[in-house]
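*Asks:* Need coordinates for the following:
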Amino acid sequence: MSQSCPLAFRLIDGTVARISAVFVSLFVILFLLTAQKLFLFFILVDFLMRLYGLKKYSIVYNLAIFSKKIFSFKTEMTDAGAKRLAAHFGVIFVFLLLIESFFNLQVMLYVTAGIFLLCTGLEIVFAYCIGCKIYFIIKKIYPSFME
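*Replies:* All right, here's what the predicted structure looks like:
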């Protein structure tokens, strides 16, 4: 198995995933600027809706679809498995940010937010999916992972 996608042999619109990463990044930045946990709760719930089959109710997903149509971005299909794993990591990052925020762990919060924004930034700018790389490593160790 090569290190590039496809990994799960199921495709999704990668353009929508990249635009969604823009909105997630904006909400994290809004949280950092305002310290309003509501932004984190919003993206946590949105991630969970997208992960568990409720995409049609996801505001981020619907904003991404709308933005794609408005700006006439072309569709670029990508592997769903790595994006799904990346969304799980997104949930973990947001959960960590909430915990760090509740316990006023400012240094850890900024480090976590920085890493999260770096990952989403790589996806947005270069279509470089950290989830793809991690997914490949896990699939090498556990071939039946996420099947």
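*Asks:* From now on I want contacts and neighbour counts done on CA atoms only, so please keep to that.
*Replies:* Will do.
*Asks:* Below-threshold pLDDT in the chain: ranges please.
*Replies:* Counting by pLDDT under 70, the chain contains low-confidence ranges at 1-9, 145-147.
*Asks:* quick one, helices of it?
*Replies:* Remark: helices of the chain, listed N- to C-terminal, are 14-34, 37-51, 59-70, 80-102, 106-126, 130-141; assignment by DSSP state H.
*Asks:* what would the ones you listed look like in CSV with mean neighbour count?
*Replies:* Below are these laid out as CSV (neighbours: other Cα atoms under 10 Å):
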stretch, mean neighbour count
helix 14-34, 19
helix 37-51, 18
helix 59-70, 17
helix 80-102, 19
helix 106-126, 16
helix 130-141, 17
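*Asks:* Excluding chain neighbours, give the residue nearest to the residue positioned nearest the centre of the chain in space.
*Replies:* By Cα atoms, centre = their mean, the chain has its centre lying nearest to A87, at 4.3 Å. Nearest non-adjacent residue to A87, counting by Cα to Cα, 6 or more residues apart in numbering: F47, 6.6 Å away.
*Asks:* From what I see, the residue nearest to the centre of the chain and L51 are in contact.
*Replies:* Yes - A87 is within contact range of L51, at 7.1 Å (criterion: Cα atoms under 8 Å).
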